[in-house]
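*Asks:* what's the 3D shape of this:
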Amino acid sequence: MTLVQCCVPTRRRPSAFRLPMVHNHMERIFDSIFSSDVQDLSAWSPRVDVVEFEDKFEFTSELPGMSKKDIKLEIQHNSITISGEKHIEHDKTDKNYYVGERGYGNFRRSFQLPSHVDAKQINAEFKDGVLKINIPKLEEAKPKQIEIKIN
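*Replies:* Numbers count the residues shown, from 1 in each chain. A predicted model of the protein is given here:
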């Protein structure tokens, strides 16, 4: 770009020409808020924290609004799968229903486990909407302290 091109004033459109553009933009914003496309937000997947301790792995997931019967845990080929279904809690035919952002529906999360876990000793607890899964390590995988004598 030359100096002349840079400094040439640009011609502005009168505001009457910009008004339809603003109107169209505002219409798109309101359509995105109040349209049925909001249901695309309903697809969800719960977040999972994974922490490693000396003797186990601990998986923690928040599953608000769900009960134990809605959740399924499976161990297969060194992977753990958490799956289930969160049911919708309201009737969409209510007159004052505008936006639905809370997720619902089926979900499935799988995690690869290391080979040194004891799959037979896995236990899980579901309390107050929080799922905790404890996956113990095999004895040979736990850290051992060996004292070495110095000569």
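*Asks:* quick one: residue 86 from residue 99, how far?
*Replies:* 18 Å (CB to CB, to the nearest Å). Where C-beta positions appear, they are placed from N, C-alpha and C, glycine not excepted.
*Asks:* with neighbour numbers in mind, choose between those two.
*Replies:* Using other CB atoms under 10 Å, the more surrounded residue of residue 86 and residue 99 is residue 86, with 20 against 9.
*Asks:* please name the bridge partners of that one.
*Replies:* residue 105 (DSSP bridges).
*Asks:* test my guess that it contacts residue 71.
*Replies:* No - the pair residue 86 / residue 71 is not scored as a contact, 9.6 Å apart, by CB atoms under 8 Å.
*Asks:* which residues do the two both contact?
*Replies:* Counting by CB atoms under 8 Å, 6 or more residues apart in numbering, the residues touching both residue 86 and residue 71 are residue 63.
*Asks:* looking at the chain, which helix or strand is least sure?
*Replies:* helix 3-7 (a mean of 49; mean pLDDT, DSSP states H and E).
*Asks:* which sections of the chain are below the confidence cut-off?
*Replies:* Regions of the chain meeting the criterion pLDDT under 70 cover residues 1-23, 25-26, 28-43, 89-95, 97-98, 100, 141-143.
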